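> Below are the sequence and a predicted model for it; my questions follow.
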Amino acid sequence: MASILEIDGLKKRYDSGHEALSGVDLKIEEGEILALLGPNGAGKTTLISIICGLVNPSSGQVRVGGHDIGRDYRKARALIGLVPQEIALEPFETVWNVVRFSRGLFGKPRDDAHIESVLRSLSLWDKRSAQVRELSGGMKRRVLIAKALAHEPRILFLDEPTAGVDVELRRGMWEVVEGLRARGVTIILTTHYIEEAEEIADRIAVINRGQILLVEEKARLMARMGQKELRIELQHKVDALPARFADQGLELIDDGQAILFHYDTRGDRTGIASLLSELAGEGIVLRDISTRQSSLEEIFVGLVSEDAA
Amino acid sequence: MNWTAIYAIYRMEMLRFGRTILQSFVSPVLSTSLYFVVFGTAIGSRIDQVEGVSYGAFIVPGLIMLSIMTQGISNASFAIYFPKFIGTVYEILSAPISFLEITIGYVGAAATKSLFIGAVILATAHLFVDIEIAHPLAMVAFMGLTCLSFALFGFIIGIWAQNFEQLQLIPLLVVTPLVFLGGAFYSVSMLPPAWQTVTLFNPVVYLISGFRWSFFGLADVPVGLSLLAIAGFTLLCLGIIWWIFRTGYRLRD
């Protein structure tokens, strides 16, 4: 697959002296969904704002579809749709007019059929004649998406699309994203809902203090960094584990009613079988066992705190 | 040149104008009528004629100028300040368009609104006094250029302003006094000689003088100078706007 977005050595230092980005390199393939994760102030919005032309970079290069965002801004920006974090819409205009405006603004000829299909896909068709101010918060957010899609972008930026949105609407938003992916639109999503990234992204990039800490396929990331946890419920409470288990990374929890065993899925041998037989050998009777994969959130928190250390 | 984008901006601005057409129409009619009652009837009855023109007719060009200058500024400054205020400016800045296209869209719409208001005032004035326009083409040109240059000026104010107070500051403290002192309601020749000299430093004098010449063939300053002044002012505003977009001043961080 070809890269639709290439970022090389991108830096941004604001006039205040704050360095928001300190050398970002990133390549994004056409058709993928990339989730950009990072704590508040990590540089997510600055990165998106530079790519979209809202903020001037201090140095570095960004190419969208092979076009430099500075020298060839017309071609580069024509490929991009941006859904900003804050709801910003002309309140007194109708949904139809604000969406039609966006298409025209990007230089695309009038195409009512396209606007209609965008509005229908976002369940906004019935509201096309309503003034924006009459809409609920969730609908306004969908109008923002409709505006970003009005000019048929090949790459869509969603900056915290579900911040402050209820669970049902968030699910709905994910379905919209899924539909866009099916049409081949590349999506870059910033979020601090890790659950969201876990649900819909193909790749995850983690950004902290203006630097990309890693970019990896979600599944591989979780497999590589994901620790698995085995929880063993005991038939009878024990006060302490026998000394021979001291170096096996076992943890006695729930007042001695259960044992936690952390293991690595990367290893050839997880050690589960031998652990279980050794426990049996010590006369410890098991009541139940369960396993759990660590979530992206735990991976993320681990990475960011490692970076801070 | 991306005419589709320019038209999109222009159309959106004109839609806003359309939503408030009644007040856009009623307020200049009302204020013009008031000016005629106060200046034309009350004061005019004592002045009679200025350089051979009835006082009522004499103030018409000044009245139109006063309105199109203030309207041009307020329309254009609000047009760009409002998107900044509510945040929708992100879309304009991320669109594949140049500063010139953005400016043409917004300023063109603001100038169109001022032209409309200028025409309404002229028509209203016609109900009160007889006016003959000596140089109709020059009249249209002066009016068009004034609408354009003051809309450009307003556009700059709208970008510069960081709150509603600043938005009002320059029109209120600078433009209105300059227009009132620029011979809107009197001929510069009516002033004592010392004040006549001072007045020549007021750029608005040149605009009103040129515009009045197109009506009555009378001017306080040579017409060529008036044209030069308005062309210079337009170019200055364009230059500032070009600088604003190049540096991102108060638009891009």
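Okay, I see it.
> Once you drop chain neighbours, what's closest to residue 202?
Picking chain A for this. A:Glu32 (4.6 Å; Cβ to Cβ, 6 or more residues apart in numbering or on different chains). The C-beta positions use only the backbone N, C-alpha and C, and glycine is treated the same way.
> other chain: chain B
B:Asn202's closest residue in space is B:Gly182 (Cβ to Cβ, 6+ apart), at 5.1 Å.
> so who does that neighbour touch?
B:Thr199, B:Asn202, B:Pro203, B:Val204, B:Val205, B:Leu207, B:Ile208 (Cβ atoms under 8 Å, 6 or more residues apart in numbering or on different chains).
> among those, which two are most distant?
Farthest apart among these by Cβ to Cβ are B:Thr199 and B:Leu207. That separation is 12.8 Å.
> Is the residue nearest to B:Asn202 part of a helix or strand, or is it coil?
For B:Gly182, the assignment made with DSSP: H, G, I helix; E, B strand; the rest coil gives coil.
> re earlier: before we move on, what's the pLDDT of the residue nearest to A:Asp202?
What the model reports for A:Glu32 is a pLDDT of 93.
> neighbours of it, just the number please.
Neighbour count of A:Glu32, defined by other Cβ atoms under 10 Å in any protein chain shown: 16.
> Same question for A:Glu196.
A:Glu196, neighbours per other Cβ under 10 Å, totals 23.
> State the helix or strand in which it lies.
helix A:194-200 (DSSP states H and E).
> How far off centre is whichever helix or strand comes after that helix?
Per DSSP H and E, the first helix or strand lying C-terminal to helix A:194-200 is strand A:203-208. With Cα atoms, centre = their mean, to the nearest Å as the basis, strand A:203-208 stands 8 Å off its chain's centre.
> Sheet-wise, list the partners of strand A:203-208 with their directions.
strand A:33-37 (parallel), strand A:211-217 (antiparallel) (DSSP bridges).
> got the contact list for the residue nearest the centre of chain B?
Residue closest to the mean C-alpha point of chain B, counted by Cα atoms, centre = their mean, is B:Met69 at 2.0 Å. By Cβ under 8 Å, 6+ apart, B:Met69 lies in contact with B:Thr146, B:Phe150, B:Val175, B:Val179, B:Val204, B:Leu207.
> Just give me the neighbour total for the second one.
As a burial measure, B:Phe150 scores 31 neighbours (other Cβ under 10 Å).
> and the gap between it and chain A?
The gap separating B:Phe150 from chain A is 24 Å, by Cβ to the nearest Cβ, to the nearest Å.
> dump the residue contacts of B:Thr41.
Counted by Cβ under 8 Å, 6+ apart, B:Thr41 has contacts B:Gly56.
> Name the nearest residue to the closest residue to chain B within the stretch 151-300 of chain A, ignoring sequence neighbours.
Going by Cβ to the nearest Cβ, chain B is nearest to A:His151 of the stretch 151-300 of chain A, at 8.8 Å. Leaving aside its sequence neighbours, A:His151 sits nearest to A:Phe106 (Cβ to Cβ, 6+ apart; 3.6 Å).
> which residues sit in contact with that neighbour?
A:Phe106 neighbours (Cβ under 8 Å, 6+ apart): A:Arg77, A:Ala78, A:Ala150, A:His151, B:Ala5, B:Ala95, B:Pro96.
> Which one (most neighbours) among those?
Busiest of the contacts of A:Phe106 [other Cβ under 10 Å] is B:Ala95, holding 28 neighbours.
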